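In: all I have is the shape, not the residue letters:
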């Protein structure tokens, strides 16, 4: 006579399996939100930016090789913002016309990224110990620091010279990729720089 041995599944084993499945489901749910991020630009009073054009046109020259996260985009973003906000009707960058206008803006900028290295490691270990369940809750922070030296020239005479330093904050989860939030942080930081330049130009 043929017979089979059927193992007996105890209530304890069933409970263990159920708990394991629940933990896996919870981990999967949190992993779906584990790629979130938020960019917070520097605070700037927008009311100071309501003004008529300073001049018809200006030439913009930029040295942004010191910005490790800049991707060479500082000049174009500043040029576009200056025009959109009405500071000038035309901004020549990267090439200037044969007969350049009276105004010239020179920007030399550098920038780095400040991040919580030590505390970030602690957060990563904690997330791993909890089977990645809080991966979508615990945030990691980065500051995109920008230092800019700006000179405004009219007819070869210096009108203004000032320095600007800002920090654009990024809060992201463990599995967020830099190529997702870094372009947004870059755009916000460079637009903010242009707006601060416009604010300074009001004193001319």
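Out: Thanks, I have the structure now. Fair warning: this is a prediction, and the values are worked out from it, not measured in the lab.
In: okay, now the sheet partners of the one helix or strand residue 64 maps to, with direction.
Out: Residue 64 is part of strand 55-67, with elements assigned from DSSP states H and E. Applying DSSP bridges, strand 55-67 is found paired with strand 88-92 (parallel), strand 103-115 (parallel).
In: could you tell me the angle between the helix or strand just after that strand and strand 55-67?
Out: Scanning forward in sequence from strand 55-67 by DSSP H and E, the next helix or strand is helix 74-84. With axes from the mean of the first three to the mean of the last three Cα atoms, to 10 degrees as the basis, helix 74-84 and strand 55-67 are set at 150 degrees to each other.
In: buried ones in helix 74-84?
Out: Using 16 or more other Cβ atoms under 10 Å as the test for burial, helix 74-84 gives 74-75, 77-79, 81-83. From N, CA and C alone the C-beta is placed, and that goes for glycine too.
In: one more: stretch 91-111?
Out: For stretch 91-111, using 16+ other Cβ under 10 Å, the buried residues are 91-93, 101, 103-111.
In: what's the mean pLDDT across that stretch?
Out: For stretch 91-111, mean pLDDT rounds to 95.
In: cool, and stretch 192-204?
Out: Rounded mean pLDDT across stretch 192-204 is 88.
In: hang on, residue 86 is in a helix, isn't it?
Out: No. Counting by DSSP: H, G, I helix; E, B strand; the rest coil, residue 86 is located in no helix; its state is coil.
In: now it: closest residue in space that isn't a chain neighbour?
Out: residue 53 (5.6 Å; Cβ to Cβ, 6 or more residues apart in numbering).
In: and that neighbour, which of the three is it?
Out: coil.
In: quick revisit: ok, so of the buried residues of helix 74-84, who is nearest residue 159?
Out: Distance to residue 159, by Cβ to Cβ, is smallest for residue 82 among those, at 15.7 Å.
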